[in-house]
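Novice: The sequence isn't on hand, but the structure is:
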């Protein structure tokens, strides 16, 4: 369980009036406001206007910018206790570029696939999964991420999935458990039957804060992919593919109805123009990973390849073992890389700051299958929002609110985070006993490093 901080005095009223902030709604029908109030009732936004009078608990938002919580459709949260263990991914083989992954190459000590999937993943106990996932989710919340699709690709047995689901629930995040096979090593071969059990036992309603979908690797065999698609259809679920779909007969999968528009593709690299058009016309959502692509792929983000077709990808952080989970960093990288591509190659259309923030919010929500629930500040949607304090030399004055959020804000500037009408970060602090949580993270880290025989160098990793 999350360790609560008994000293935290957090508003918990059913009716909360957030008063006097600059509002970026990410909803064209609502618009943006230099100064406005937001009324939240029973976890839902009911009104946004320049001035609201209501019998409600008032939260002063003067000198702040309020925008929708970030929505990340692609994080492998189980890696949390190994955060930034391998920042220098080796890119000398097909394994490291993502083109293959099952080859044992022990000398590639900096390879993500070798280190995380071959060396550490099989050593995880459910407790390690729980604490890694919980820590990643709390890191996400601290940085303004209110929705995460947790791509769980280390399900050794059903207990690992249950631990992951419990961590999502305990963190307070709006979480989607994407249930998938491990990439390498032994696992419970009752994998598909366990999906049915999880759906029945933990996800009987799709209206709860934690929901479920399936997960697969695009380079799985076609038979394996069809098994996943059959189960997702039976259980009425979305499915996430973690790259590799360029190797599959996409036209056949769409024409057969096996792809029905409830698919999400991470990375979205390496597809032909015809394949991208098929996915656009089929309603598949895509997301890009700007920082990861600079190490694991070709060094650029395929964002313009999609926007020129009218598809607007979401943004995702991918794996915590390489970088800190930080949506501001993803926005910086996306915006700057797309601008550089435009200057160098004449790429069109030109990315804007508004579209960059949309990629991190409503586009991510669409990827999570939750675009009608969250991702924008809209009456009728869940009250998932971020309040950034602009009272600092870095963020003041506000000459352009979008530029302030995308190009200047950071996790430390976030004053408050609300999920479903509940403040999960308040006055700059998460509502928990962080030292007690950190002790559990360090205990898991120590167990994993000892099991793997991995020497810890807290300064810098070297071969």
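Specialist: Now that the structure is in, tell me what you want to look at. Treat the numbers as computed from the prediction; the structure is a model and nothing was measured.

Novice: okay, CA-based contacts and neighbour counts for the rest of this
Specialist: Will do.

Novice: what kind of secondary structure is the spatially most central residue of the chain in?
Specialist: The chain has residue 72 as the residue nearest its centroid, 2.4 Å off, counting by Cα atoms, centre = their mean. What DSSP: H, G, I helix; E, B strand; the rest coil gives for residue 72 is strand.

Novice: Who does it form a beta bridge with?
Specialist: Residue 72 forms beta bridges with residue 148, as assigned by DSSP bridges.

Novice: Could you check stretch 332-343 and say which residues are buried?
Specialist: Neighbour counts over stretch 332-343 (16 or more other Cα atoms under 10 Å) mark 332-335, 337-339, 341-342 as buried.

Novice: possible to save those as TSV with distance to residue 129?
Specialist: Below are the buried residues of stretch 332-343 laid out as TSV (distance: Cα to Cα, whole Å):
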residue	distance to residue 129
332	30
333	29
334	30
335	33
337	34
338	35
339	38
341	39
342	41
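
Novice: Export those as a markdown table, with columns for secondary structure, distance to residue 225 and pLDDT.
Specialist: Listed next are the buried residues of stretch 332-343 as a markdown table, based on DSSP: H, G, I helix; E, B strand; the rest coil; distance: Cα to Cα, whole Å; pLDDT from 0 to 100:
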| residue | secondary structure | distance to residue 225 | pLDDT |
| --- | --- | --- | --- |
| 332 | helix | 35 | 97 |
| 333 | helix | 32 | 95 |
| 334 | helix | 30 | 96 |
| 335 | helix | 34 | 96 |
| 337 | helix | 33 | 91 |
| 338 | helix | 33 | 92 |
| 339 | helix | 36 | 90 |
| 341 | helix | 34 | 84 |
| 342 | helix | 37 | 79 |
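
Novice: and which of those residues is nearest to residue 393?
Specialist: Lowest distance from residue 393 to these (Cα to Cα) belongs to residue 332, with 19.2 Å.

Novice: What's the mean pLDDT across stretch 38-53?
Specialist: The average pLDDT within stretch 38-53 is 98.

Novice: just stretch 315-322 next, same as before
Specialist: Mean pLDDT, computed over stretch 315-322, is 94.

Novice: Low-confidence stretches in the stretch 1-150 of the chain?
Specialist: Applying pLDDT under 70 to the stretch 1-150 of the chain picks out residues 1-8, 89-110.

Novice: That one: strands as residue ranges?
Specialist: 15-24, 32-41, 44-49, 57-60, 64-68, 70-75, 145-152 (DSSP state E, counting those that start in this stretch).

Novice: excluding its backbone neighbours, what's nearest residue 237?
Specialist: residue 213 (5.2 Å; Cα to Cα, 6 or more residues apart in numbering).

Novice: number of nearby residues for the one you found?
Specialist: Residue 213: 26 surrounding residues under other Cα atoms under 10 Å.

Novice: Confirm residue 329 sits in a helix?
Specialist: Yes: assessed with three-state DSSP, residue 329 lies in a helix.

Novice: Could you chop the chain up by domain?
Specialist: As recorded under automatic domain parsing, the domains making up the chain are 15-69+375-430, 71-367.

Novice: partners of the closest residue to residue 54 other than its chain neighbours in the sheet?
Specialist: Once flanking residues are discounted, residue 54 sits nearest to residue 17: 7.5 Å by Cα to Cα, 6+ apart. Residues in a beta bridge with residue 17, per DSSP bridges, are residue 39, residue 58.

Novice: dump the residue contacts of residue 17.
Specialist: Residue 17 is in contact with 37-40, 54, 56-59, counting by Cα atoms under 8 Å, 6 or more residues apart in numbering.

Novice: let's see it at 6 Å
Specialist: Residue 17 sits next to 38-39, 56-58 when contact means Cα atoms under 6 Å, 6 or more residues apart in numbering.

Novice: So it versus residue 321, what's the distance?
Specialist: According to Cα to Cα, to the nearest Å, residue 17 and residue 321 sit 39 Å apart.

Novice: Same check on residue 445?
Specialist: 12 Å.

Novice: thinking residue 85 is in contact with residue 319, fair?
Specialist: No: Residue 85 is not in contact with residue 319 according to Cα atoms under 6 Å; the separation is 10.8 Å.

Novice: all helices of the stretch 301-450 of the chain, in order?
Specialist: Under the criterion DSSP state H, counting those that start in this stretch, helices of the stretch 301-450 of the chain are mapped to 303-307, 327-345, 353-360, 362-367, 401-407, 434-452.

Novice: Show the model's pLDDT score for residue 261.
Specialist: For residue 261, the pLDDT comes out at 98.

Novice: How about the one 4 residues further on?
Specialist: Here, the pLDDT recorded for residue 265 equals 98.

Novice: Going forward, the N-terminal residue is numbered 461.
Specialist: All set: I'll call the first residue 461, so the last point we hit is now residue 725.

Novice: Mind telling me what element it is part of?
Specialist: Assessed by DSSP states H and E, residue 725 sits inside strand 723-726.

Novice: so how far is that strand off the chain centroid?
Specialist: 13 Å (Cα atoms, centre = their mean, to the nearest Å).
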